[in-house]
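# Fold the following.
(one chain, ligands or ions: 1)
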Amino acid sequence: MVLPKDFQFSQSSLQDFATCPRRFELHYLQRLSWPASEAEPVQEVERLARLGADFHRLVQQHLVGINADILTATLSEAEPELQTWWQNYLDHHPALDHAQTYPELTLSTPLRNYRLLARFDLLARQPDGVFLIVDWKTTRRKPARDYLAGQMQTRIYPYVLVAAGTAFNKGQPVDPATVQMMYWYPQVPAEPEVFEYSKKLFRRDEEFLSQLVEQVKHSAQNGHFPLVEDRQPCRYCVYRSFCDRGDKAGPLLELAEEPQEALDILSLDWDQIAEIEF
Ligand code: SF4
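Residues are numbered from 1 along each chain as shown. Presented below is the predicted three-dimensional model:
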């Protein structure tokens with residue numbers, strides 16, 4: 001098997017490969033849909049996914065200029081949890097006064113003859129030149145900082161911005177030291193998690209991501225996508241029965257990421273995106 005020449009990597013696909021090569025193969029190469037939920041109870045997973053999608057839409061509409069009062073009025077019959085999240089956003093959202101804001105922005109950059117894509121919930125260029133990448137996270141709980149620091153998203157988003165963000169910096173290369181990555185949780189709005197970036201981290205990530213893409217390429221060439229040894233990730237993987245790794249999903253309360261259903265609802269058709277390539 002050869003990795004398709006036009007394959008586009010993302011934080012999700014590289015995270016899947018790093019977590020379990022087989023999951024990457026099933027999801028991104030075989031495109032296997034498997035009728036299972038990542039977590040339980042299933043109805044609560046679906047409800048959370050719906051709330052997450054609604055919250056992202058509200059914030060996006062606000063960021064493109066729709067008046068907050070108008071948006072609030074649309075929530076009169078919404079679930080109380082969504083109303084609380086929205087109010088928390090209005091009270092505590094990141095300071096964006098005089099910032100140039102780009103909600104739902106997709107950037108891509110070449111990496112080892114493939115493309116690496118990042119879709120930002122929000123990119124904001126502050127008046128002092130600082131770039132703030134914001135990701136709204138509607139998970140049931142806020143994960144530990146160490147966990148977030150190790151996630152592909154924390155590496156890939158700043159990396160792609162530095163590699164491909166010239167157009168947002170008046171035609172000049174983006175200095176990694178001016179980039180910040182923020183995870184913002186409507187459930188704990190006063191406790192966003194912010195990660196600084198640097199030239200050193202950019203070099204580290206370039207090497208790391210390049211090696212990872214090479215690993216994926218070799219795995220495809222050899223048809224070798226082993227199952228993860230540690231079974232913990234299988235608890236939150238839709239393929240668990242397919243892989244004979246159990247049939248009971250893990251509890252939603254312990255799920256550190258938004259359910260895949262939410263990602264599916266929010267995901268864009270990459271082919272439809274007028275992405276910015278560098
Ligand atoms: S069930 Fe486990 S082994 Fe199978 S794809 Fe998912 S994480 Fe990998």
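
# Let me see the ranges of the helices in the stretch 101-250 of the chain.
145-149, 152-164, 199-222 (DSSP state H, counting those that start in this stretch).

# To the ligand, which of these lies closest?
Closest to the ligand of the helices of the stretch 101-250 of the chain, according to Cβ to the nearest ligand atom: helix 199-222, at 13.3 Å. In short, each C-beta sits where N, CA and C put it, glycine included.

# tell me the most buried of the helices of the stretch 101-250 of the chain?
helix 152-164 (a mean of 24; mean count of other Cβ atoms under 10 Å).

# for that one, packing partners?
Counting by 3 or more Cβ pairs under 8 Å, 6 or more residues apart in numbering; DSSP states H and E, the packing neighbours recorded for helix 152-164 are helix 11-19, strand 100-111, strand 114-125, strand 131-136, strand 179-184, helix 199-222.

# And for Q153, nearest residue in space, chain neighbours not counted?
Of all residues not flanking Q153 in the chain, Q11 sits nearest, at 4.3 Å (Cβ to Cβ, 6 or more residues apart in numbering).

# Would you format the helices and strands packed on helix 152-164 as JSON lines with mean pLDDT and distance to K142 included?
Supplementary listing: these in JSON lines, determined by pLDDT from 0 to 100; distance: least, Cβ to Cβ, whole Å:
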{"stretch": "helix 11-19", "mean pLDDT": "97", "distance to K142": "18"}
{"stretch": "strand 100-111", "mean pLDDT": "97", "distance to K142": "22"}
{"stretch": "strand 114-125", "mean pLDDT": "98", "distance to K142": "16"}
{"stretch": "strand 131-136", "mean pLDDT": "98", "distance to K142": "12"}
{"stretch": "strand 179-184", "mean pLDDT": "98", "distance to K142": "8"}
{"stretch": "helix 199-222", "mean pLDDT": "97", "distance to K142": "23"}
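
# Now render the ones you listed as a markdown table, adding distance to P251.
Converted to a markdown table, the helices and strands packed on helix 152-164 look like this (distance: least, Cβ to Cβ, whole Å):
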| stretch | distance to P251 |
| --- | --- |
| helix 11-19 | 18 |
| strand 100-111 | 31 |
| strand 114-125 | 26 |
| strand 131-136 | 23 |
| strand 179-184 | 22 |
| helix 199-222 | 30 |
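
# Now distance to the ligand too, for those, in CSV please.
As requested, the helices and strands packed on helix 152-164 are exported to CSV (distance: least, Cβ to the nearest ligand atom, whole Å):
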stretch, distance to the ligand
helix 11-19, 7
strand 100-111, 24
strand 114-125, 22
strand 131-136, 23
strand 179-184, 23
helix 199-222, 13
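
# Determine which of the ones you listed approaches E193 most closely.
Closest approach to E193 among the helices and strands packed on helix 152-164 (Cβ to Cβ): strand 179-184, 4.5 Å.

# Residues contacting that closest one, please?
93-94, 130-137, 148, 153-154, 157-158, 161-162, 192-197 (Cβ atoms under 8 Å, 6 or more residues apart in numbering).

# let's see 6 Å
With contact meaning Cβ atoms under 6 Å, 6 or more residues apart in numbering, strand 179-184 is reached by 131-137, 148, 154, 157-158, 161, 192-197.

# Report the buried members of these.
By the neighbour-count criterion of 16 or more other Cβ atoms under 10 Å, these include these buried positions: 131-137, 148, 154, 157-158, 161, 192-193, 195, 197.
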